[in-house]
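Engineer: using only what follows, build the 3D model:
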Amino acid sequence: MATLTWRILPVFTLTVRQFVGGKAVRVVAGLSFIPALFSLIYLLNPDVDEAIRLVVSTTFRGLIVAPLLPITVLILATGALGNEIEDRTLPYLTLKPIGRLRIVIEKLIGVVLVAAPLICAGIAATFFIAFRGDAGDNLDVLWAMLVSSIVGVIGYGAIFLLVSLLISRALLAGIMYALLWESLLGRYLPGLRVVSVRHFVESVFIKMLDNPDFTLKSATSITASIITIGAATVAAIILATWRLRRMSLD
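Structural biologist: Just a heads-up that it's a prediction; the model follows:
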């Protein structure tokens, strides 16, 4: 099976191997389970708030959606091609009979398939610890968190993959974007919300949750949110491919 995957998706397989054996995936795993610590602390005094309010408002919307989701994806996405550039191994990769578009797509698939399980595992741990015996009655909350997070992983993954080809210090630029644009400016300046990935991730979550106690001002429909993230992903892939073709790899 591994041999077949290598033949069909060699760049994807190489990317996953690099991540699994590297420090970045351990950092991402650690960050992904930080919200679970909040649930453990909550267990010390569960009367302080309702479990659903803690998970939805404080943990997921306040901590996971921004800044943890963009930062965890950023670490992997900027390293997928960025490490190839720093190590000067990208020229060897492009010498293989593989198109630039395919390289970008397989790198993105690698980022998504490594980041998504780690992030979803952290969310699931946070959910089950906080709800304990009531988890079965609130699975709609978990499902909404997982789906919206995967949408965010794909969108952020494509954008940060492009950034890694445009900016030499992509990790620093991505952190500033996640902390300033997505966390601060996007939250307090209404006009910026509709051009941030966070807005569409939260829109998918709120629409799927469909709970009157939790709302989002100017929330976009699920279909429109997914189409927007999909369009941004395709645009980022096209631009990354164009950039990769024009880069000097000598």
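Engineer: so in the chain, where's the weakest helix or strand by average pLDDT?
Structural biologist: When the helices and strands of the chain are scored by mean pLDDT, DSSP states H and E, helix 2-8 comes last with a mean of 54.
Engineer: can you name the element that comes right after it?
Structural biologist: helix 10-20 (DSSP states H and E).
Engineer: extract the C-alpha set from that next one and format it as PDB.
Structural biologist: Written as PDB, here are the backbone C-alpha positions of helix 10-20 (Å, rounded to 0.1, in the frame of the first residue of the first chain):
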ATOM      1  CA  PRO A  10       5.200  10.800  -4.500                       C
ATOM      2  CA  VAL A  11       5.300  14.400  -3.300                       C
ATOM      3  CA  PHE A  12       2.500  13.800  -0.800                       C
ATOM      4  CA  THR A  13       4.200  10.700   0.600                       C
ATOM      5  CA  LEU A  14       7.500  12.600   0.900                       C
ATOM      6  CA  THR A  15       5.800  15.500   2.600                       C
ATOM      7  CA  VAL A  16       4.100  13.300   5.200                       C
ATOM      8  CA  ARG A  17       7.300  11.500   5.900                       C
ATOM      9  CA  GLN A  18       9.100  14.900   6.400                       C
ATOM     10  CA  PHE A  19       6.300  16.000   8.800                       C
ATOM     11  CA  VAL A  20       6.200  12.800  10.800                       C
END
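Engineer: does anything pack onto whichever helix or strand comes after that helix? Which helices or strands?
Structural biologist: Per DSSP H and E, the first helix or strand lying C-terminal to helix 10-20 is helix 23-32. Other helices and strands packing on helix 23-32, by 3 or more C-beta pairs under 8 Å, 6 or more residues apart in numbering; DSSP states H and E, are helix 69-86, helix 100-131. Every C-beta, even on glycine, is put in place using the N, C-alpha and C of the backbone.
Engineer: between the shortest one and helix 10-20, how many degrees?
Structural biologist: Relative orientation of helix 69-86 versus helix 10-20 (axes from the mean of the first three to the mean of the last three C-alpha atoms, to 10 degrees): 110 degrees.
Engineer: ok, the longest one next?
Structural biologist: Interaxial angle of helix 100-131 relative to helix 10-20 (the same axes, to 10 degrees): 40 degrees.
Engineer: roughly how far apart are the residue nearest to the spatial centre of the chain and M145?
Structural biologist: Nearest to the mean C-alpha position of the chain, by C-alpha atoms, centre = their mean, lies V153 at 2.6 Å. Distance, V153 to M145, by C-beta to C-beta, to the nearest Å: 12 Å.
Engineer: same question for V204.
Structural biologist: Taken as C-beta to C-beta, the span from V204 to M145 is 10 Å.
Engineer: where does this structure have low pLDDT?
Structural biologist: 1-8, 82-97, 184-194, 248-250 (pLDDT under 70).
Engineer: what element comes up after whichever strand or helix holds M208 heading to the C-terminus?
Structural biologist: Using DSSP H and E, the element containing M208 is helix 197-209. From helix 197-209 onward toward the C-terminus, using DSSP H and E, the following helix or strand is helix 222-246.
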